[in-house]
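Asks: 3D model of this:
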Amino acid sequence: MGCLESQPIVQWVRKKVGDQVNFIRLDIQSPVTREIMKKYRITLNSAYLIFDGQGKEVWRSYAIPLNGRKVVRILQELVKEAGS
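Replies: Residues are numbered from 1 along each chain as shown. Reported below is the predicted structural model:
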């Protein structure tokens with residue numbers, strides 16, 4: 001249910017920064033996704049993670065609704081750092 005509630009916010013974030021970052025949505029029914037969830041110790045279905053350009057996790061949230069403005073700021077800062 002949480003991912004449905006946050007979908008409009010995720011779409012808004014995508015419009016703001018989508019051409020500069022990659023968004024990946026995982027299907028929790030997939031065996032591959034379950035392995036990824038194990039690897040990153042994701043315990044809830046509605047998890048939002050941000051990784052930097054080197055693959056290091058820099059932010060995580062299980063919050064519903066997702067704080068879109070905060071996510072945009074984090075992503076813009078990462079893009080800025082990567083361009084430096």
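
Asks: contacts, neighbours, all on C-alpha from now
Replies: Noted.

Asks: Would you mind confirming that residue 82 is in contact with residue 54?
Replies: No: at 9.7 Å, residue 82 does not count as touching residue 54 under the criterion of Cα atoms under 8 Å.

Asks: Check the contact lists of those two and give me the overlap.
Replies: With Cα atoms under 8 Å, 6 or more residues apart in numbering applied, the contact sets of residue 82 and residue 54 do not overlap.

Asks: Which one's more surrounded, these two?
Replies: Neighbours were counted for residue 82 and for residue 54 using other Cα atoms under 10 Å; residue 82 has more, 11 against 7.

Asks: so what's that one up against?
Replies: Applying Cα under 8 Å, 6+ apart, we find residue 82 in contact with residue 53.

Asks: where do the helices sit along this structure?
Replies: 2-17, 31-39, 68-83 (DSSP state H).

Asks: Other residues contacting the shortest one?
Replies: If you take Cα under 8 Å, 6+ apart as the criterion, helix 31-39 is touched by 26-28, 43.

Asks: Just the closest of these to residue 73, please.
Replies: Closest to residue 73 out of the contacts of helix 31-39 is residue 26 (23.1 Å), distances taken as Cα to Cα.

Asks: Please tell me the pLDDT value assigned to that closest one.
Replies: Listed pLDDT for residue 26 reads 86.

Asks: Neighbours of it, how many?
Replies: Residues lying near residue 26 (other Cα under 10 Å) number 13.

Asks: and what of residue 55?
Replies: Residues lying near residue 55 (other Cα under 10 Å) number 8.

Asks: mind listing what it touches?
Replies: By Cα under 8 Å, 6+ apart, residue 55 lies in contact with nothing.

Asks: now stretch 62-79: mean pLDDT?
Replies: Along stretch 62-79, the predicted confidence averages to a pLDDT of 83.

Asks: Mind listing residues that contact that stretch?
Replies: Around stretch 62-79, the neighbours that count as contacts under Cα under 8 Å, 6+ apart are 2, 5-6, 9-10, 12-13, 16-17, 20-21, 44, 46-48, 50, 52-53.

Asks: ok so, going back, which among the helices of the chain is found nearest to residue 58?
Replies: helix 68-83 (8.9 Å).

Asks: separation between the nearest residue to residue 20 once chain neighbours are set aside and residue 50?
Replies: Nearest non-adjacent residue to residue 20, counting by Cα to Cα, 6 or more residues apart in numbering: residue 79, 7.0 Å away. From residue 79 across to residue 50, the span is 12 Å (Cα to Cα, to the nearest Å).
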